[in-house]
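Peer 1: Sharing a sequence plus its predicted fold:
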Amino acid sequence: MREYRGTEIRNIAVVGHGASGKTSLVDALAFVSGSTKRHGSVRDGTALTDYAAEETERGYSINVACAFAEWQDTKINLLDTPGYLDFQGDAIAGLAAADGALCVVPATHGVETGTELMFREAVRRGDPVMFAVTMMDKEHADFDRVYRQIKERLTAKVIPVEVPVGEGPDFHGVVNLFTRKAHVFKKGVKTGEYQETDVPPEVQATFDRYYQELIESISATDDSLLEQYLEGGEISRERAIAGMKEAMKRMELFPLFCASGELNYGTQAILSTIVELMPNAVEMEELHAFKGAEGDSTVEIHAEDSRPVAAQIFKTTAEPHIGDVSFFRLFSGSIASGDELVNATRSGTEKLNHLSIAQGKDRIEVPRLHAGDIGCVAKLRNTHTNDTLSTREHPVRLPAIDFPATVIQMAVHAANRADEEKLQMGLHRLHDEDPTFEVHYNSETHETIVAGLGERHLEVALSKLKRKFGVTAELTRPKIAYRETFKARAEGQGRHKKQSGGRGQFGDCWVRFAPLPRGSGYEFVDQIVGGSIPRQYIPAVDRGIQEASVRGVLAGYPLVDFKVEVYDGSYHTVDSNEQSFKMAGILAFKTVAPRCKPVLLEPLDEIEVVTPDDYMGDVLGDLSARRGHILGTEPADGVGTRIRAVVPQAELHSYATSVQSMTQGRASFRRHFKGYEEAPNEVAQKVIEDSARHREEEVAH
Ligand SMILES: Nc1nc2c(ncn2[C@@H]2O[C@H](COP(=O)(O)OP(=O)(O)OP(=O)(O)O)[C@@H](O)[C@H]2O)c(=O)[nH]1
Ligand SMILES: [Mg+2]
């Protein structure tokens, strides 16, 4: 394979809703270009870019995966992305590595939530987008309907550049509006071969209608073209294409194509169009990187070989026998196999052994990669997704990919206790592989918590744990980290006295407890006068109280937000020591705490739901049913309404799943910890009873 320079490279993310035909289309594009020898299939588990065991087992994409098609002296890098919302992080990573998006919409189902989401994300990033209506061969395929849907739901600036010949089982060709030629495919031949003909009579009327629309749309984006058009002049194909490419860059036009990934119909036209209309890797949008490991000063990044190297890792996969494979976009400079680079974020060096490009699961070694290209390398020592590799002379950090925030949390346990250590290691490796999969230890509930983008996401993570790290793990509903606090002041004594043969123990203190405002924590005030407790023993009283307050008196949850004043006590010249005064502190807590009107505090999250207005009533009603307190609503640009509410964590379990099903997957939400509030009495009673039962069970065991 020859070397490609940036001007001969296109980086395209293939995005869309789940099961819209992206993986099948990528396979078809690579196959008809001749870059792969075999046309794989998602159903058989042989598709080029669905090669992870988790993907072939389930029949859908989970990881962003790279393939390429060499076409018309150009290397088209295709980033196949997952459509399910649970794996959205990888779809965002795919867009981050690309300069343009191919948004796939099935001719049968049309525009769905995932289509909308990914289209908007591509536009937000300023990437040109082409639409491909796939599955044109399927029963009930309807090109016109999908076109209208895109127009209504996504953008009025979509414009067909092709017309299908036949639809559904009769689909057998595409007519290009620019060339006025039809590609007619022979039934049963799946190699992408076609015959070129004039516009078939049965599509002439549609052709004329769409042709008119196309030329008007392009003219509308360019004054000189408009003038030419209004004066009745013919617009040449070259002028029209150049006009379209410019309009696409400004996101004023989004061309629409049609194809069947299964039959390889219409795929060559898509390849040619990517070469013609999509920006090459050197034309990428303006990009700045931060200089050095810290600091905000930036430097412009250009996809030129002569510039310093800057490559960003957008995906890492951990494989049992290979180790980590890091996929990167080379945004600037050129690299050769064996080069040594630095990771400015983590300040280590990395050697690029066996520099490669990926064709699905196959990695093809290459001697060199030029600015703008996408490649991969195995076994980097300490470089993870989102890190930048650059040179020692010009260390830079590219802006981090903005991965979506997690929406679901579960507790995770190794099925076999002996595997606990392997579990922790595996979980952290999974996080390195996928930044949207998070792990942390909750020291209040003593549970390891995993967080992700949905139930499916966490379930797939468990499969990976088993396959890659040999650990069987289970997910359970996370315990809620309740706390306790006081509502009233009280005072009393803690007296520890023990006489056991030799030297005794003696400690005695008088303390006053008082509630503090929410979030103040713990405060200890020494008010001893006249040495009723010697100086050196006072910190021991403090320690004793703190130690005891870890288990509150109501339900054993940590006691917070209170003040302790120690104001009197007594001691014994021989028998007193630190240990005795710590015991006195513990006893004082046990005596005084129950008199301070202890109450249960529950953790609350602030959540923000963005929903189309159609579902607003349902979402609000549901939030109220979850004891939510609505803070406010406001319009959310182009989507519907943004609702802000504070909801107890105990009521938010599997909220992500409920809100998805309530809104047909059209709402999105974010949550973050807000604080603690007193739990309503009936909630508190239940928690206290549960905790008492739990303690009884523990004693019984
Ligand atoms: N008849 C027909 N079936 C297709 C076509 N493209 C895809 N399919 C089938 O539709 C199903 C989904 O296709 P995929 O290519 O996996 O879709 P995807 O968009 O990659 O799905 P995710 O990875 O889940 O986002 C598979 O069973 C394919 O075989 C097509 O053009 N025609
Ligand atoms: Mg797929």
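Peer 2: Structure's in. What do you need? Numbers count the residues shown, from 1 in each chain. Ligands and ions are numbered 1, 2, ... in the order given.
Peer 1: Contact partners for Glu139?
Peer 2: For Glu139, the contact set (CB atoms under 8 Å, 6 or more residues apart in numbering) comprises 108, 168-169. (C-beta placed from N, C-alpha, C; glycine too.)
Peer 1: again, only using 10 Å
Peer 2: 107-108, 167-169 (CB atoms under 10 Å, 6 or more residues apart in numbering).
Peer 1: cool, and Ser332?
Peer 2: Taking CB under 10 Å, 6+ apart as the test, what Ser332 contacts is 6, 284, 287, 289, 299-311, 371-372, 390, 394, 396, 398.
Peer 1: Can you go through those and name the buried ones?
Peer 2: 6, 284, 287, 289, 299, 301-305, 307-311, 371-372, 390, 394, 396, 398 (16 or more other CB atoms under 10 Å).
Peer 1: Quick check: mean pLDDT of stretch 368-378?
Peer 2: For stretch 368-378, the mean pLDDT works out to 97.
Peer 1: Which residues are in contact with Glu651?
Peer 2: 480, 602, 604-605, 623, 625-628, 683.
Peer 1: Now render those as CSV, adding neighbour count, pLDDT and distance to ligand 2.
Peer 2: Shown next, in CSV, are the contacts of Glu651 (neighbours: other CB atoms under 10 Å; pLDDT from 0 to 100; distance: CB to the ion, whole Å):
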residue, neighbour count, pLDDT, distance to ligand 2
Ile480, 18, 95, 37
Glu602, 22, 97, 41
Leu604, 23, 97, 38
Asp605, 19, 96, 33
Leu623, 22, 96, 34
Ala625, 9, 96, 36
Arg626, 17, 96, 34
Arg627, 16, 96, 40
Gly628, 22, 96, 36
Val683, 17, 95, 44
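Peer 1: Would you reformat the residues you listed as a markdown table and include secondary structure and distance to Lys157?
Peer 2: Shown next, in a markdown table, are those (DSSP: H, G, I helix; E, B strand; the rest coil; distance: CB to CB, whole Å):
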| residue | secondary structure | distance to Lys157 |
| --- | --- | --- |
| Ile480 | coil | 48 |
| Glu602 | strand | 49 |
| Leu604 | strand | 43 |
| Asp605 | strand | 39 |
| Leu623 | helix | 36 |
| Ala625 | helix | 41 |
| Arg626 | coil | 40 |
| Arg627 | coil | 45 |
| Gly628 | coil | 39 |
| Val683 | helix | 52 |
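Peer 1: quick one: which of those is nearest Met135?
Peer 2: Of all the contacts of Glu651, Met135 sits closest to Leu623, with 37.8 Å by CB to CB.
Peer 1: Touching, that closest one and Val609? I think so.
Peer 2: Yes. Contact criterion CB atoms under 10 Å: Leu623 and Val609 qualify, at 7.7 Å.
Peer 1: coming back round to it: a markdown table for the contacts of Glu139, including distance to Thr436, neighbour count and secondary structure?
Peer 2: Listed next are the contacts of Glu139 as a markdown table, based on distance: CB to CB, whole Å; neighbours: other CB atoms under 10 Å; DSSP: H, G, I helix; E, B strand; the rest coil:
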| residue | distance to Thr436 | neighbour count | secondary structure |
| --- | --- | --- | --- |
| Ala107 | 31 | 28 | coil |
| Thr108 | 29 | 19 | coil |
| Glu167 | 38 | 19 | coil |
| Gly168 | 38 | 16 | helix |
| Pro169 | 40 | 11 | helix |
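Peer 1: what's the spacing between the residue at minimal distance from the centre of the chain and Asn386?
Peer 2: In the chain, the residue lying closest to the centroid (CA atoms, centre = their mean) is Gly89, at 3.0 Å. The spacing between Gly89 and Asn386, counted by CB to CB, to the nearest Å, is 11 Å.
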